[in-house]
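Novice: okay, sequence plus prediction incoming.
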Amino acid sequence: MTAADAPELDLVEPHMLGFLTQLGIDVEYVRAEGNTLWYRDRDGREIPVVDYAGGYGALVLGHNHPELVATAQQLLADGTPILAQASLHPYASRVGAALNTILQREFPGAEPYFTVFANSGAESVEVAVKHAELDRVLRVQALFQTVEAETERARAAVAAGQAGDPAEFDRLLAEVTAHNAELAGRAPLFLTPEGSFHGKLVASVQLTYNAAFRTPFAAMAAPARFVPLNEPGALAKIVEAERVSARSLAVADGTVRVVEHEFPLFCAFVLEVIQGEGGIRPVSEEFAREIEQVCAEIDCPIVVDEIQSGLGRTGAFFAASHLGLRADYITLAKGLGGGIAKTSATLIRAGRYRKEFELLHSSTFAKDTFSSALALRVLELLEADGGAAYRLAERSGERLLALFEALRREFPEVVTDVRGRGLMIGLEFRDQSAATAAGIREAAQSGVFGYVLSGFLLRAHRIRTFPTASAVNTLRFEPSVHLSQAEIDQLETALRDLCAVLARQDEHRLFQG
Ligand code: PMP
């Protein structure tokens, strides 16, 4: 099936198709291997494109890695049962074990983590959020039991004439009961840095900073407080302003007193160690330490979203390894299925794990043999030769960073910043909404400037990349670990040309090139 066989009126998100056409990126790719995608030109010849978008970060091992293709083919050839729910699932179990072996190496002495599988990145965030909320609700119940038992003891003491005045006790009790009822009715509060992207499902989109994605659905799920990224003291200040206590009554020295108990209002702190869609922005070491310290103080679990940064892309299996940041929950998706299967995993630290969750949450496709077997092979490939893949990511990343830094020095009027680590790099272009060339200015003003750059790189240089979803002046570079010098050279030529075109405001070439 090719585009020629496609229906005349495409009923699949037709407006998005119009957008792609307008930008000249409405290409049908017919073959893929490693970092290359091919499309056919009008004469039917295959034209190679170097793919720096890398399936939005899912292609850590490249397109159609031969070992992964062989695993998929073998499973099907063997007639392996793909869906046999409520039975043993040895491949998923082995993935869980392999992830724990890696965790032990990256965070020596870590507790075991239990794994809950799902099918997409946002879904694994929803699993983390749902589990954290179950844990919070159970902690609230336990707290209210303590509060009620304590208050009951005080009531008995007052009734026995050992303390206080019964009428005063009743007045205090009414106050405390109303206060606790108000707390019990509150929605949980999530904390996440400004710029975060954690998905577009109902709960996860509330953790996604971009207002356009989030605000239409604000009434559907619990809100988040957005913490300025890497700003010392900001988190502590927000927490102090929101922190609340449940109250009990207790007798001490013959008088009835109101006792405050920290109320678990904060459900989770959710963060990306390197923000992806927010423009490739790393969390600082100091910010990580502050998150750990503040969250420990209020007993708020930390969810580290490694959906984009994980699976070795940054030079270590977890980006959190670089900061020594220990999470209560870790989400993995994208690269876990090797670019062939759709799978995701939420790792939950044993000390936080609630066994009740297993009966409350499920998904038809989660833990299926096809994606689990592929995930297992992905982990084997990444870990092979003492983690050679991580070293490749680190080395290629250094080369790309050196190239981008050189461009920034050469074209300071065009390139404003270079950020990232390993093969998760962002190249930020200067805002062009006051550009002298009208076409460039209008593209920038309507928020599509980054996509115009994508169109130029594809048409003129056969380089594929896109802006990050929420920071559209930043182009993302997330190729596979098997990146060749020739692919880097092709990128260098393309970006140098793009920067020169922008520097001389050559809109004709930018739009037609
Ligand atoms: N979290 C992060 C950090 C992501 O980068 C993404 C996707 N870009 C998601 C969550 C959502 O993943 P998915 O698109 O698979 O739902």
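Specialist: Now that the structure is in, tell me what you want to look at.
Novice: quick check: longest helix of the chain.
Specialist: helix 369-410 (DSSP state H).
Novice: from the protein, which residue is nearest to the ligand?
Specialist: Gly121 (2.2 Å; C-beta to the nearest ligand atom). For glycine as for every other residue, the C-beta is placed from the backbone atoms N, C-alpha and C.
Novice: doesn't Lys200 make contact with that residue?
Specialist: No. Using C-beta atoms under 8 Å, Gly121 is not in contact with Lys200; the gap is 9.5 Å.
Novice: so how many other residues sit close to the residue of the chain closest to the ligand?
Specialist: Gly121: 28 surrounding residues under other C-beta atoms under 10 Å.
Novice: from Ala224, how far off is it?
Specialist: Distance, Gly121 to Ala224, using C-beta to C-beta, to the nearest Å: 17 Å.
Novice: low pLDDT regions in the stretch 1-150 of the chain?
Specialist: Along the stretch 1-150 of the chain, the model assigns pLDDT under 70 to residues 1-4.
Novice: one more pass at 80, please.
Specialist: Along the stretch 1-150 of the chain, segments meeting pLDDT under 80 span 1-9.
Novice: now do the helices in it.
Specialist: 14-23, 54-57, 66-77, 90-106, 121-159 (DSSP state H, counting those that start in this stretch).
Novice: contact partners of the third one?
Specialist: Just to be clear, that refers to helix 66-77. Helix 66-77 has contacts (C-beta atoms under 8 Å, 6 or more residues apart in numbering) with 61, 82, 338-341, 369-370, 373-374, 377-378, 381.
Novice: verify the stated contact: Asn210 with Gly447.
Specialist: No. The pair Asn210 / Gly447 is not scored as a contact, 11.5 Å apart, by C-beta under 8 Å.
Novice: which one's more surrounded, the two?
Specialist: More crowded of Asn210 and Gly447, by other C-beta under 10 Å: Asn210, with 17 against 13.
Novice: give me the distance between the residue of the chain most remote from its centre and Asp170.
Specialist: Distance from the C-alpha centroid of the chain peaks at Gly161, with 58.4 Å (C-alpha atoms, centre = their mean). Applying C-beta to C-beta, the value for Gly161 to Asp170 is 15 Å.
Novice: near the ligand, which residues of the stretch 1-150 of the chain?
Specialist: Tyr56, Ser120, Gly121, Ala122, Val125 (C-beta under 6 Å from any ligand atom).
Novice: got a list of what the second one touches?
Specialist: Spelled out, that is Ser120. Residues near Ser120 by C-beta under 8 Å, 6+ apart: Gly199, Ala333, Lys342, Ser344.
Novice: out of these, which sit inside strands?
Specialist: Ser344 (DSSP state E).
Novice: was I right to think Ala157 contacts Val251?
Specialist: Yes. Using C-beta under 8 Å, Ala157 is in contact with Val251, at 4.5 Å.
Novice: give me the common contacts of these two.
Specialist: In contact with both Ala157 and Val251: Ala163, Gly164, using C-beta under 8 Å, 6+ apart.
Novice: so what strands line up beside the helix or strand that the longest helix of the chain is followed by?
Specialist: Heading C-terminal from helix 369-410, the first helix or strand you meet, by DSSP states H and E, is strand 415-421. When pairs are called by DSSP bridges, strand 415-421 turns out to pair with strand 424-429 (antiparallel).
Novice: quick one: residues contacting the residue lying closest to Val418 once chain neighbours are set aside.
Specialist: Residue nearest to Val418 in three dimensions, not counting chain neighbours: Phe404, with 4.2 Å by C-beta to C-beta, 6 or more residues apart in numbering. Contacts here follow C-beta under 8 Å, 6+ apart; on that basis Phe404 touches Val415, Val418, Ile425, Leu427, Leu495.
Novice: sorry, back to before: got a list of what the residue of the chain closest to the ligand touches?
Specialist: Gly199, Ile307, Gln308, Thr331, Ala333, Lys334, Ser344.
Novice: likewise for Leu229?
Specialist: By C-beta under 8 Å, 6+ apart, the contact set of Leu229 is Pro193, Glu194, Gly195, Gln275, Arg281, Val283, Phe287.
Novice: nearest residue to the third one in space, please, no chain neighbours.
Specialist: Nearest residue to Gly195 in three dimensions, chain neighbours excluded: Gly278, at 3.2 Å (C-beta to C-beta, 6+ apart).
Novice: what separation do you get for that neighbour and Tyr329?
Specialist: In terms of C-beta to C-beta, Gly278 sits 20 Å off from Tyr329.
Novice: out of the two, which sits in the more crowded spot?
Specialist: Tyr329 (27 against 23).
Novice: surely Glu46 is in contact with Trp38?
Specialist: Yes. At 4.3 Å, Glu46 counts as touching Trp38 under the criterion of C-beta under 8 Å.
Novice: what is in contact with those two at once?
Specialist: With C-beta under 8 Å, 6+ apart, Glu46 and Trp38 have common neighbours Val30, Arg31.
Novice: between these two, tell me which one has more neighbours.
Specialist: Trp38 (15 against 12).
Novice: and the host helix or strand of Glu240, which residues are buried?
Specialist: Per DSSP H and E, Glu240 falls inside helix 234-242. By 16 or more other C-beta atoms under 10 Å, the buried positions in helix 234-242 come out as Ala234, Leu235, Ile238, Val239.
Novice: once you drop chain neighbours, what's closest to the first one?
Specialist: Right, the one you point to is Ala234. Pro228 (4.6 Å).
Novice: tell me the contacts of that neighbour?
Specialist: Pro193, Glu194, Ala234.
Novice: so which helix or strand takes in Leu457?
Specialist: helix 449-461.
Novice: mind putting the contacts of Pro228 into TSV with pLDDT and distance to the ligand?
Specialist: Formatted as TSV, these follow (pLDDT from 0 to 100; distance: C-beta to the nearest ligand atom, whole Å):
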residue	pLDDT	distance to the ligand
Pro193	98	12
Glu194	98	14
Ala234	98	21
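Novice: my read is that Leu347 contacts Ile102, right?
Specialist: No. Using C-beta under 8 Å, Leu347 makes no contact with Ile102, being 10.2 Å away.
Novice: who's more crowded, those two?
Specialist: Leu347 (24 against 18).
Novice: and the more buried one, backbone torsions?
Specialist: Leu347 has phi and psi values of phi -100, psi 130 when expressed as degrees, to the nearest 10.
Novice: show me what contacts it?
Specialist: So Leu347 contacts Leu99, Leu103, Tyr113, Phe114, Thr115, Ala327, Tyr329, Ile330, Thr331, Leu332 (C-beta under 8 Å, 6+ apart).
Novice: turn those residues into CSV, columns for distance to Thr71.
Specialist: Formatted as CSV, those follow (distance: C-beta to C-beta, whole Å):
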residue, distance to Thr71
Leu99, 18
Leu103, 23
Tyr113, 25
Phe114, 25
Thr115, 20
Ala327, 29
Tyr329, 28
Ile330, 24
Thr331, 24
Leu332, 18
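Novice: among these, which ones are in strands?
Specialist: Among these, the members found in strands (DSSP E) are Tyr113, Phe114, Thr115, Tyr329, Ile330, Thr331, Leu332.
Novice: of those, buried ones?
Specialist: For the ones in strands among the contacts of Leu347, buried by 16+ other C-beta under 10 Å: Tyr113, Phe114, Thr115, Tyr329, Ile330, Thr331, Leu332.
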